[in-house]
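Novice: A predicted structure for the sequence below; I have some questions about it.
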Protein chains: 2
Amino acid sequence: MKQVSQPQGTRDFTADTIYKRDYIFQTIRQVFERHGFEPLETPAMENLDTLMGKYGEEGDQLIFKILNNGLDNPAKQEKARQDFEKILEGKNSSTITERALKYDLTIPFARFVAMHHHRLTFPFKRYQMQPVWRADRPQKGRYREFYQCDADIVGSYSLLNEVDLALIYATVFKQLQLKVSICINHRKLLNALANSCLVPNEVSIITNAIDKLDKIGIEKVKALLSEKGFSETAIQTTENYLAISGNNTEKIGQLKKMFAQDQEGLTGIADLEFILSRLPADIPLIVDPSLARGLNYYTGTIFEVKAIDVKMGSIGGGGRYDDLTGLFGVPGIPGVGISFGVDRIFDVMESLQLFNEDLQYGTRLLFFHTGDEETKTILPIMQLLREKEIACELYQEPVKFEKQFKYAEKKRIPFIAIIGSQEMAGQTCVIKHLVSGKQQTIPQNEIASYLANF
Amino acid sequence: MKQVSQPQGTRDFTADTIYKRDYIFQTIRQVFERHGFEPLETPAMENLDTLMGKYGEEGDQLIFKILNNGLDNPAKQEKARQDFEKILEGKNSSTITERALKYDLTIPFARFVAMHHHRLTFPFKRYQMQPVWRADRPQKGRYREFYQCDADIVGSYSLLNEVDLALIYATVFKQLQLKVSICINHRKLLNALANSCLVPNEVSIITNAIDKLDKIGIEKVKALLSEKGFSETAIQTTENYLAISGNNTEKIGQLKKMFAQDQEGLTGIADLEFILSRLPADIPLIVDPSLARGLNYYTGTIFEVKAIDVKMGSIGGGGRYDDLTGLFGVPGIPGVGISFGVDRIFDVMESLQLFNEDLQYGTRLLFFHTGDEETKTILPIMQLLREKEIACELYQEPVKFEKQFKYAEKKRIPFIAIIGSQEMAGQTCVIKHLVSGKQQTIPQNEIASYLANF
């Protein structure tokens, strides 16, 4: 028989991992809620129409489409056969596939806002923590099913929203005890750079090149721009821009000089100054003019978070966009949002051993199976312990103690309890702490307090 | 432009519903964990091979299959075109579809156990709370995406597991304050009935008919059996069996008389007696010989839970099975499990108004936007309040108070706070409780205690 497995690029999560991931989710969720964000959950599947054309050609190809059911219906077969040719041409046909798995959380959120904009209270602050699916080639750290964790505020142009989101990033990572840099930039600075280079409509060439700076270095970035026909002056301007350095105040000063004549650039700088002025000094926000993340989508501020002590891609990102729902026929709703990369945050925290051992919530006390009659005494004791929030179980089978000890060890249950005929008579219980080996006979009604004080 | 919507049979969940559903999930999760069950999460998609043939012909047709990506690859087109004919015949082809959305939690769990049985600690107790997908025709209360919530113990024949699961049912519904009957029956009683009717191999005819008893009544059940060729005596025997009534002791007594000569029947009765003997008297467990749920799957005990105060189908069910993983080449792993129907539990609790109003966790305090300068004072105050677990927000735009009041009302935020120039000077804050209209000026550093004592 063929070895069964889960699909490539997907994962089963067992208790250890779930408890750690839940700790991350709970931390983020709590901070979102303290900042007044409401939860939203959308279905795993969306109508294919809703998703197609939203992620660029490459993205569209990574959407998992769902085959319509009932294609073997004789009345539909001929149409299905014909329409399958469209699939073979890389097009879609609603005869073959009407639905698809969601590719991110933003488009389903936009679809939700477009459907309900008449009755939502704006500014609308929502968070969403759900899996998404992408038919990417699986590789280390890249999965076909993974969680996204987004917070967005829509229907407001106020920069106080950016302040809110920067505080959320800072608070979450502080609570996770993960040292990060939260980088911020502004699309208008990149536009101003394109203006300075005299290529106002080619900002995407600049940002594509800048995006590679970390990987290929400044010389290769310059070569890239040269290939694209950038003048010597334009290349020099870009190099000067990328050389901007110092603390935030110094960087802002250099940017002001550089774009003294560019209204768009000055607006971007003023936005960054406002955000910085409203944040406490201990927030690790870093102005980073080279940040060009997801440019075609964002129209204002841009955020990116990186872990300081581990070399890993970004563990968070976001920014401001002008028009969330225009594609769904509801124009004029701007917004700003951030996302947490939970899978990477998990990996970083594992490698830095930041998870507390207390996250192991499993069974705390295993009652040994000492005989059929004894179970009548043990079961009610367990119910009382559970009411006192103590997770406990009774070994199911009347087997040798050795086997029951092994079960406790493998499940890392810290305490075992034995109530045999002798203990029944004396209403006592033998409790043993497996790590220390400490063993004590105590009254049956003192088990909970014994564990609490251990 | 076409009106956008989510796919038919699926739902968006907003804050109100999510908080209530989470309350149900959290209650169940906590009870599972107190009983020593560990969480497991499996991917949304499984290999199609894993799922096909496990749910009967009807079930197979309701599986959502995922179209393979890259069918427009010229190298694959011809094979895809040929293989599409299989789809049109109602068969599968891995060229067209290799994966599918999971249809329940049991088969993915079986797949997991089959993959890892060498290193799992048996008896293995796991719980799983995840969505599943079925291409059912959507109708009231029936969705294409819905949650299942299962707990199973595998690798143990002990009836103490049944005791454990009955306690879990009783505890969860007690905590939810939902009055239920937990019905129990035994497959061996149904087999014994088939023996008594002299149709030992036709137990499924009996159980199919019995399953309809609630809907069609005893006379039509008898007519159904007659149509199937049952003798007068067999029909009378079935009627006698279904007429068994009284309290549990009385029912057990009647069953013992009826099956005094049937070894299988007596074993079933002994199992039920054992389970009843180990449960506290206040557990609402009811022996129900007419319970025939999912017969082809279960081999021992059968559970079903129904709400008492609302007419609705079962809100929970489960039972014992002999062989979880045999279909995946790993025979000899028996188990027993239960499931909670969270969507129906939600509906029942809504209709009985059992959700506590405290489940509204949204923002507790809205700071009005009183001016740009004031935000510098307000933002640090909000950070301190959030550290004290108070969810608060600052209205983003400098608009008229009327609009800010409206926002607070629509979001059902109970308190608003105003810090204007006067309050800045005196380090005070005006707090108003919107429901009562009570308004008071307090020191800024006493906001948290004021809210706590309100």
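Specialist: Structure received.

Novice: So what touches the helix or strand that contains residue A:222?
Specialist: Remark: residue A:222 resides in helix A:213-227, with elements defined by DSSP states H and E. With contacts defined as CB atoms under 8 Å, 6 or more residues apart in numbering or on different chains, helix A:213-227 is touched by A:205, A:206, A:209, A:210, A:212, A:234, A:235, A:238, A:239, A:242, A:290. Every C-beta, even on glycine, is put in place using the N, C-alpha and C of the backbone.

Novice: Now do the helices in the stretch 151-300 of chain A.
Specialist: A:160-175, A:187-196, A:203-211, A:213-227, A:232-242, A:248-258, A:263-277 (DSSP state H, counting those that start in this stretch).

Novice: Turn these into JSON lines, columns for mean pLDDT and mean neighbour count.
Specialist: Formatted as JSON lines, those follow (pLDDT from 0 to 100; neighbours: other CB atoms under 10 Å in any protein chain shown):
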{"stretch": "helix A:160-175", "mean pLDDT": "97", "mean neighbour count": "23"}
{"stretch": "helix A:187-196", "mean pLDDT": "95", "mean neighbour count": "24"}
{"stretch": "helix A:203-211", "mean pLDDT": "87", "mean neighbour count": "20"}
{"stretch": "helix A:213-227", "mean pLDDT": "92", "mean neighbour count": "14"}
{"stretch": "helix A:232-242", "mean pLDDT": "95", "mean neighbour count": "16"}
{"stretch": "helix A:248-258", "mean pLDDT": "97", "mean neighbour count": "16"}
{"stretch": "helix A:263-277", "mean pLDDT": "97", "mean neighbour count": "18"}
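
Novice: Format those as TSV; extra columns: distance to residue B:38.
Specialist: Converted to TSV, the helices of the stretch 151-300 of chain A look like this (distance: least, CB to CB, whole Å):
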stretch	distance to residue B:38
helix A:160-175	26
helix A:187-196	47
helix A:203-211	43
helix A:213-227	41
helix A:232-242	51
helix A:248-258	47
helix A:263-277	44
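
Novice: To residue B:89, which of those lies closest?
Specialist: helix A:203-211 (48.2 Å; CB to CB).

Novice: Quick one: list the elements packing against that closest one.
Specialist: helix A:187-196, helix A:213-227, helix A:232-242 (3 or more CB pairs under 8 Å, 6 or more residues apart in numbering or on different chains; DSSP states H and E).

Novice: From what I see, residue A:428 and residue A:443 are in contact.
Specialist: Yes. Using CB atoms under 8 Å, residue A:428 is in contact with residue A:443, at 5.9 Å.

Novice: quick one, strands of the stretch 51-200 of chain A?
Specialist: A:65-66, A:99-101, A:124-133, A:145-154, A:180-186 (DSSP state E, counting those that start in this stretch).

Novice: Pull out the buried positions in stretch A:20-30.
Specialist: A:20, A:21, A:22, A:23, A:24, A:25, A:27, A:28, A:29, A:30 (16 or more other CB atoms under 10 Å in any protein chain shown).

Novice: Tell me which residues are up against that stretch.
Specialist: A:13, A:39, A:127, A:129, A:147, A:149, A:172, A:175-176, A:340, A:342, A:345-346, A:349-350, A:355-356, A:359.

Novice: For chain B, tell me which of the residues you listed show up nearby.
Specialist: A:13, A:39 (CB under 8 Å from any CB of the partner chain).

Novice: Which members of the contacts of stretch A:20-30 are classed as buried?
Specialist: Buried, going by 16+ other CB under 10 Å: A:13, A:39, A:127, A:129, A:147, A:149, A:172, A:176, A:340, A:342, A:345-346, A:349, A:355, out of the contacts of stretch A:20-30.
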